[in-house]
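Q: Here is the input, now give the coordinates:
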Amino acid sequence: MLLQQKPIPGYWYSNFSGQLIQVRAIVYLAGQRRRIVLEDISGKRESVDVDSWHGMDLVLHSPVSLSPEDEAAGDI
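A: The predicted model follows:
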């Protein structure tokens, strides 16, 4: 069964084999999502089209984690 996750920049996803990828950016053209820029845990980046993204069967792994400095700034 394919899960269709919405790509969210900064969030990590895992595939069925456990490989982690992070959405780095979403490219829009004429107001529509066209490409998703991904980065794996080793830093390798690739760009996929929206149809390929939906065929990847990804599961949301974890949201963005803030650094201690970012968390402290949010408390002010």
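
Q: Please make it C-alpha for all contacts and neighbour counts, starting now.
A: Noted.

Q: Please name every helix or strand in contact with the host helix or strand of Arg35.
A: Under the criterion of DSSP states H and E, Arg35 resides in strand 32-40. The contact analysis (3 or more CA pairs under 8 Å, 6 or more residues apart in numbering; DSSP states H and E) places strand 32-40 against strand 20-29, strand 45-49, helix 50-54.

Q: And the ones you listed: which comes nearest Gln5?
A: Gln5 lies closest, by CA to CA, to one member of those: helix 50-54, at 7.3 Å.

Q: The residue nearest the centre of the chain bridge partners, please.
A: Nearest to the mean C-alpha position of the chain, counting by CA atoms, centre = their mean, stands Val23 at 2.4 Å. Beta-bridge pairing for Val23 (DSSP bridges): Leu38.

Q: Check Val27 too.
A: Beta-bridge partners, per DSSP bridges, of Val27: Arg35.

Q: For it, give me its contacts.
A: By CA atoms under 8 Å, 6 or more residues apart in numbering, Val27 lies in contact with Arg33, Arg34, Arg35, Ile36, Val37.

Q: need those in JSON lines with pLDDT, can you?
A: Formatted as JSON lines, the contacts of Val27 follow (pLDDT from 0 to 100):
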{"residue": "Arg33", "pLDDT": "92"}
{"residue": "Arg34", "pLDDT": "95"}
{"residue": "Arg35", "pLDDT": "97"}
{"residue": "Ile36", "pLDDT": "97"}
{"residue": "Val37", "pLDDT": "98"}
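
Q: Of the residues you listed, which is the most crowded?
A: Ile36 (22 neighbours; other CA atoms under 10 Å).

Q: my read: that one touches Trp53, true?
A: Yes: between Ile36 and Trp53 there is a contact under CA atoms under 8 Å: 7.4 Å.

Q: ok so, going back, next one: the residue nearest to the centre of the chain relative to Leu60, how far apart?
A: 11 Å (CA to CA, to the nearest Å).

Q: joint contacts of those two?
A: Joint contacts of Val23 and Leu60 (CA under 8 Å, 6+ apart) are Tyr11, Trp12.

Q: Would you check that Leu38 makes contact with Ile26?
A: No: taking CA under 8 Å as the definition, Leu38 is not a contact partner of Ile26, at 9.0 Å.
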